[in-house]
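Colleague: kindly generate the corresponding structure for this input.
(3 chains)
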Amino acid sequence: MIDFLLPSLGADMDRAKLNLWLVEPGDTVHKGQIIAEVETEKAVLEVECWDEGVIEELLVQPGPEWLSVGTPIARIRALESADTPGPVETPRSPGQKPLPARPPAGRPEPAPPIRHLAHELDVDLSSLQGTGEGGTITRSDVRAAAAPTGKPATAIPISGEQRVKASPRARFLADRLGLDLSDVAATGSGGMVSAADVEAQPVPAREPEDKVAAMRRAIARSMAHSKREIPHYYLATHIDLDEALRWLEIQNAERSVAERILPAALLLKATALGLREIPDLNGHWIDDSFRPSSSIHLGVAVSIREGGLVAPAIHDADQLDLGEMMARLRDLVNRARSWRLRSSEMSDPTMTVTNLGDRGVETAFPVIIPPQVAMVGLGKVVDTVVAVDGSPAVHPVIHATLSADHRVTDGHRGGLFLATIDRLLQEPQSL
Amino acid sequence: MSDSHHLDLLRQMLRIRRFEERCAQLYQAEKIRGFLHLYIGEEGVAVGVIGSLLPDDAVVATYREHGHALARGMDPGAVMAEMYGKMEGCSRGRGGSMHLFDASRRFYGGNAIVGGGLPLAVGLALADRLRDQPRVTAVFFGEGAVAEGEFHESMNLAALWNLPVLFCCENNLYAMGTALERSESQTRLTLKAASYEMPAWEVDGMDVLAVEDAARKAIESVRSGGGPHFLEMRTFRFRAHSMFDPELYRSKEEVEVWKERDPIELFTRRLITDGGLTEDDLATMESDVAEEIEAAVAFAEAGTWEPVEELTRFVYSEVVPS
Amino acid sequence: MTSLATPTRTITYREAMRESMSDAMRNDPRVFLMGEDVGRYGGCYAVSKGMLEEFGPDRVRDTPLSEAAFVGAGIGAALAGLRPIVEVMTVNFSLLALDQIVNTAALYSHMSGGQFNVPIVIRMTTGAGRQLGAQHSHSLEVWYAHVPGLKVVTPATVEDARWMLPTALEDPDPVIIFEHAALYNSEGDLPEQGAPVDLDRAVVRRPGPDVGLITYGGSLPKTLAAATELAEEGISAQVLDLRSLRPLDTEAILTTAASTHRIVIVDEGWKTAGISAEIAASIAEGAIWELDAPIRRVCSVEVPIPYARHMEDAALPQTAGIVAAARELVGR
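Modeller: Residues are numbered from 1 along each chain as shown, chains lettered A, B, ... in the order given. Take a look at the predicted model:
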């Protein structure tokens, strides 16, 4: 037995009405014979039979109902002798939509625009009584049903605040600094707050307890965000500082006490140069993508006496010689502790270093400061027995750790970075 | 007269006919989608002309080109798989019914812009001319294309440069639903060719032997430096323009009259009358063809969908310039 | 940009293009030139002057006024393995060949599942500025840049005029070269030791941190002049020459936006749905947080290009307009 299905007679035909049967049960039909007439939105069309056989049953009677393509409309008993190819089975590929269920008798299926509207207005179509022709559900029916309980299609935000006219970059910087744009004097094109305006804005002077509380809140926000969003991975290594510290001693012998270079400057410089070689740790994660920075602005975590910490930038750290680096570091720490940092220093770091060695910590596992994508932790320098050319020796050794954002780099890159810092510190004269 | 060549002509036409019928059925079962233009009624043209070409010649066809593809020797499975949109199709499923291609047979499509293939054919012939290769490019188009500027520009250019092009006009009287006399002030199409100083013959497109005879003579002349030739083959499509066509523009009587001149029936009767062909031969041929087409359908059914990850391939060539 | 160390010679854009074509034809027998009046007349803009004498009428092939047929024939010849350079006299007339370029050249590779490719080079002049009236002054390169399957390049310097063509001829796919008619007489220094250049990277023609001026083709000289004027006022402008409209070097565009934070786009096409709109949208998508000012576009006024000199000047982007837009963005 063959189910004769309503054929699709054009690329845009997905339904039709049956106008007329040209055969009745018991009739013998042949391949190519016209057996019915259907009507689509475009035209009246003849339906051709593809099988040889006898009409067993007509499953659908002519009428005004829309029938979906693929609906069985007749049953044909194949002639036994027919050696023509069998009917085409219509298993559906995964890409195709399932055939829509036939609408309940006497109740036409609502058109797609009506279904869409109902969905938009959250109206259950099955509960509606249509008032259109033949019980069709109309737009008015759907709207009427939605009126008492339906939600408005679009919500218009009501706000008394006037939005400040600021450039996207100014917004970005202000957001990073926690500045309120309405406090910033606008000098940009067309009276707009520009990036320069934001950068010129002094960090608001507040009472110390306020500052501390505000800082705590900022840290809370930033660190919670970091731990929530950033998939951290952590790597640690030991770096032998024997060579570096001995070299530094020689350098410092020629300097006045005020100009002495501390190991921290050496470590920062090595880190900055390491970022030149592994640039994918230097930059920001913004809008779901990593934006490498062409400059290396090294953040330095500085703890504040009143509590909390800041991590301002040493700009272009890779281009400073050690003397400059030391001077910048001193200046930065002093100003940080007297709350005199510039806003650009707060917003610019492209990667940050925290050195907790002077707190007696051996190994630090830093939490990345968003939107940066990596952070280096340094512990204290510990005298350690190491093997030198196969013999034990005591060398100063530091634990260096890297926390990095797995969305940007993998352990392989991170490992290379730590190895690079190690290599640089073994050739301190190159710093 | 029913020698093996004639049997082969009949088999070729029958294959196209049964293939097209199967396509229509598969379309209605939603296996094939998009536009589908069937060649039923016009088989004698493609079989007569393309069978007279050499393997190294080129063919440029229209969107009603399943017959041309099969006559050119393309694998029915690959053609059917293309219509299914499968990766094993002759255009990887990127083309569909209207864009069948086969580089190995110099089958340049499958061009679905009316008249669009003609300049291309002129260029293929120009390349042969510049390289002194004795090859012919046969380009097929309907009589509707004759109203296009590209037709006239191409005819002029081919004649002006004496290029080896065979212009094959398949005059089936209707450009979609527009009858020739409703679109042309001059319905004698060979006169248009004559105005470009091009030899042009009118041919009975329902008589495969007449088509073959004319094609052979024209191709020989084109190949031997005689410049482009124009063949107007009078034919008729028995089915709708595409699948969705209530045929308001022509009467059932007109279709019935033309069906009396069905190229396959005419030729079959001739082969039977002239003694060579028996009913048994015919039945065997039918069952061979049916088997071949079912194998093509099975091949298409078993085909695979190209991974969506490959979507942007082939927009540009994947070969790296040397 | 030419380094002082390399020996150079002064050459016009027209000569550079001619030298490039002649050189290609000497090196590769598959290359031939075809188009209206390319032979006996010497090319409408005299680009192919003298080439008929060297290469003969088969390879410097005059065509009838049949843009669809001879562009299509070029496509067919390319399909068959030759390397045609088809000159369409101007972009205005290329509209008669749109079907062949858009429906055939651009699609054959994809529609055939990669079986065919169309290694054609189509050259055409573009642009206004010579009082030729509305029908001979279009800048429609963006129409072609819209279509995947085509490559669209716009040489603006003598070096690109000399060295883009060999790369285009090596390319397995259709490349359209737009030559702004105002550039033909421009002179520049061409290094004696040149080499083919890429077709898909923008180039910074002048660096500067204050404002980015993004342009291409015939607008490059005007834009560079604007940058010189701005420098006198202490505004250091970066000038980015796109060189290619498809593919568009989005990375270079975003880098310019990120380093200058202020962008002016200069395009002789109209603003509406033009390449300037595409560039602005790319910046909005990829670098909006870098912007410190609205994007400004200096384009042709939305009118057909008029004949009268003063009206035509007013309709087209001019140096003064570029300077004014840049000045406004930096707040001066």
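
Colleague: which residue would be the closest one in the stretch 251-400 of chain A to chain B?
Modeller: Closest to chain B within the stretch 251-400 of chain A is A:Ser289: 20.0 Å, counting by CB to the nearest CB. Where you see a C-beta, it was placed from the backbone N, CA and C, and this is true even at glycine.

Colleague: what pLDDT, on average, does the helix or strand containing C:Leu254 get?
Modeller: Element membership of C:Leu254, judged by DSSP states H and E, is helix C:250-260. Rounded to a whole number, the mean pLDDT of helix C:250-260 is 96.

Colleague: now the residue nearest to the spatial centre of chain A: how far from A:Glu229?
Modeller: For chain A, the residue nearest the mean C-alpha position is A:Asp288 (3.6 Å; CA atoms, centre = their mean). Distance of A:Asp288 to A:Glu229, computed by CB to CB, to the nearest Å: 11 Å.

Colleague: what of C:Asp249?
Modeller: C:Asp249 is 32 Å from A:Glu229, where distance means CB to CB.

Colleague: what do you get for C:Ser244?
Modeller: 38 Å.

Colleague: now A:Ile239
Modeller: 30 Å.

Colleague: which stretches of chain A form helices?
Modeller: A:112-120, A:139-146, A:168-177, A:195-200, A:208-229, A:242-253, A:263-277, A:322-337, A:343-347, A:411-426 (DSSP state H).

Colleague: now the longest one: how far from the chain's centre is it?
Modeller: Spelled out, it's helix A:208-229. Remark: helix A:208-229 is offset 23 Å from the chain centroid, using CA atoms, centre = their mean, to the nearest Å.

Colleague: which residues touch that helix?
Modeller: Contact with helix A:208-229 is made by A:178, A:206, A:304, A:306-310, A:339, A:367-370, as judged by CB atoms under 8 Å, 6 or more residues apart in numbering or on different chains.

Colleague: check the first one too.
Modeller: Contacts of helix A:112-120 from elsewhere in the structure, counted by CB under 8 Å, 6+ apart, are A:110, A:123-125, A:137-139, A:142-143, A:153.

Colleague: element containing C:His113, please.
Modeller: Not His; residue C:113 is Gly. Per DSSP H and E, there is no helix or strand for C:Gly113.

Colleague: with C:Ile265 instead?
Modeller: C:Ile265 belongs to strand C:263-270, assigned by DSSP H and E.

Colleague: so how far is chain C from the residue in chain A that chain B sits nearest to?
Modeller: Proximity of chain A to chain B (CB to the nearest CB) peaks at A:Gly10, 2.6 Å away. For A:Gly10, the distance to chain C (CB to the nearest CB, to the nearest Å) stands at 22 Å.

Colleague: count the neighbours of that residue for me.
Modeller: Using other CB atoms under 10 Å in any protein chain shown, the number of residues around A:Gly10 comes to 20.

Colleague: ok, now A:Glu306?
Modeller: 12.

Colleague: got it, and A:Gly32?
Modeller: Residues contacting A:Gly32 under the criterion other CB under 10 Å number 11.

Colleague: test my guess that it contacts A:Val47.
Modeller: No. If you go by CB atoms under 8 Å, A:Gly32 and A:Val47 don't touch, sitting 11.6 Å apart.
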